[in-house]
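Novice: mind folding the following:
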Amino acid sequence: MSSLYTIILKNDSPKTQEFFFFQKPAIYTGDFQVYSNSIYSAKLRGHGSGATLTFQCLQQDYAGVQEQAPNIVVGEASGYESVIKEIDLTLSPSVSEKNSTSMLLDQDGLGLTDTIHENDVKSGAFRIHVPTFNPYEKKYNVGLAIQNPRDGSIILSNFINAEPTKGIDVQPVLKFYIQTGSYEAGSVVNFVNFSDGAAVCDMSLGVLNYQVTYTAEGLWIINSSHMQPGLTQLMSQTKNNVEIENEAGTAVICQGYALNLNSPVEVRNLTDPDKIKLHLEYQVGKVGGPYKGYMCTGKVGNTATFS
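Specialist: Numbering: from 1, shown residues only. Just a heads-up that it's a prediction; the model follows:
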């Protein structure tokens, strides 16, 4: 049984609030518009009630497909029948993970094949193959799904519009967001707008549990606990494979570890994080080069994102 990602939310504001949860969109191969869904929504009583909301999802990656609604509209359901399949991410070229599945469209309806291994799936990603179909008759969403461990319900966390005969690599990003508002699970949200000012719970470094408080001032207090067993030691033993140079490329100022160098590049275990400043430009590449110019577009602790 997979472990659970858990977020416990407390509302310390004076009145009952509605909250919804959503996930940072995965990285998809190709030039696609990526959509996000709310993955959980509920009301929570205010200060003094003692009430909390608990969001949980399995620490398991799922490929998902869904019959698309006539229009993708913020606040409305993204689609109808949905199917998911447990799937592995590509973590090492020496391991044969079952990292690929194919969408099924036949007399039995919508489905996904048993997973298999493919050698060329991007590091940190899984692949969904889309068959031939007529997009003028019916449209489909494909992407990353999650499953509620309590009732078994499934939601496409984020997705793209399926195109016939395409193989799509999907690289999940384990960052969950909380925002005030009423957006039912499975309804479309505007990630760019709603992530601004939202609470961010970053599970990507092995944190499984977060406690989040919405304050009377409309701010968020975020605390994490229960690092995944063995992860701290594992991360400390991971060999740095990325170097970051200053903008001029005249000196290496920091090293770190990245799964791959596909933009956006997430570099973990920064050896000198104080030297990396948000919204400044750097030269990033594998140890010894070659390097490519990027801007630092995100930074949390000793992890930075370059785009």
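
Novice: for K139, give me the pLDDT.
Specialist: Per-residue pLDDT puts K139 at 96.

Novice: mind checking how far it is from G111?
Specialist: 17 Å (Cβ to Cβ, to the nearest Å). (Each C-beta comes from the backbone N, C-alpha and C, glycine too.)

Novice: what does N161 give?
Specialist: 19 Å.

Novice: quick one: low-confidence parts of the stretch 151-300 of the chain?
Specialist: Within the stretch 151-300 of the chain, the segments meeting pLDDT under 70 span 205, 226-239.

Novice: for it, just list every one of the helices.
Specialist: 191-195, 231-237 (DSSP state H, counting those that start in this stretch).

Novice: K139 and G111: which is more packed in?
Specialist: Legend: neighbour count by other Cβ atoms under 10 Å for K139 and G111, higher for K139 (18 against 14).

Novice: list the contacts for the more buried one?
Specialist: E67, Q68, N161, A162 (Cβ atoms under 8 Å, 6 or more residues apart in numbering).

Novice: just the ones in strands from those residues, please.
Specialist: E67, Q68, N161 (DSSP state E).

Novice: ok, so of those residues, who is nearest T29?
Specialist: Closest approach between the ones in strands among the contacts of K139 and T29, by Cβ to Cβ: N161, at 14.0 Å.

Novice: is the closest one in a bridge, and if so with what?
Specialist: Under the criterion DSSP bridges, N161 forms beta bridges with N141.

Novice: equivalent analysis for V170, please.
Specialist: So, taking DSSP bridges as the rule, V170 has Y28, F126 as bridge partners.

Novice: ok, it touching A145?
Specialist: No: using Cβ atoms under 8 Å as the test, V170 is too far from A145 to be in contact (10.0 Å).

Novice: name the residues contacting each of those two.
Specialist: A63.

Novice: helices of the stretch 1-150 of the chain, start to end?
Specialist: According to DSSP H, counting those that start in this stretch, the stretch 1-150 of the chain contains no helices.

Novice: list the buried residues for stretch 64-72?
Specialist: Going by neighbour count (16 or more other Cβ atoms under 10 Å), the buried part of stretch 64-72 is G64, V65, Q66, E67, Q68, I72.

Novice: what do you get for stretch 285-301?
Specialist: Residues of stretch 285-301 classed as buried: G285, Y291, Y294, C296, K299 (neighbour count, 16+ other Cβ under 10 Å).

Novice: which residues sit against stretch 279-286?
Specialist: For stretch 279-286, the surrounding residues in contact (Cβ under 8 Å, 6+ apart) are 241-247, 249, 253, 261, 265, 267, 276, 291-297, 306.

Novice: shaky segments in the stretch 1-150 of the chain?
Specialist: Residues of the stretch 1-150 of the chain meeting the criterion pLDDT under 70: 1-2, 93-94.

Novice: mind jotting down where the strands sit in it?
Specialist: 4-11, 17-23, 27-28, 35-37, 40-44, 52-58, 62-68, 79-86, 100-106, 109-112, 126-129, 140-147 (DSSP state E, counting those that start in this stretch).

Novice: check the stretch 151-300 of the chain too.
Specialist: Going by DSSP E, counting those that start in this stretch, the stretch 151-300 of the chain shows strands at 154-161, 167-171, 175-180, 188-189, 199-202, 207-214, 220-227, 242-245, 252-256, 265-267, 281-286, 291-300.
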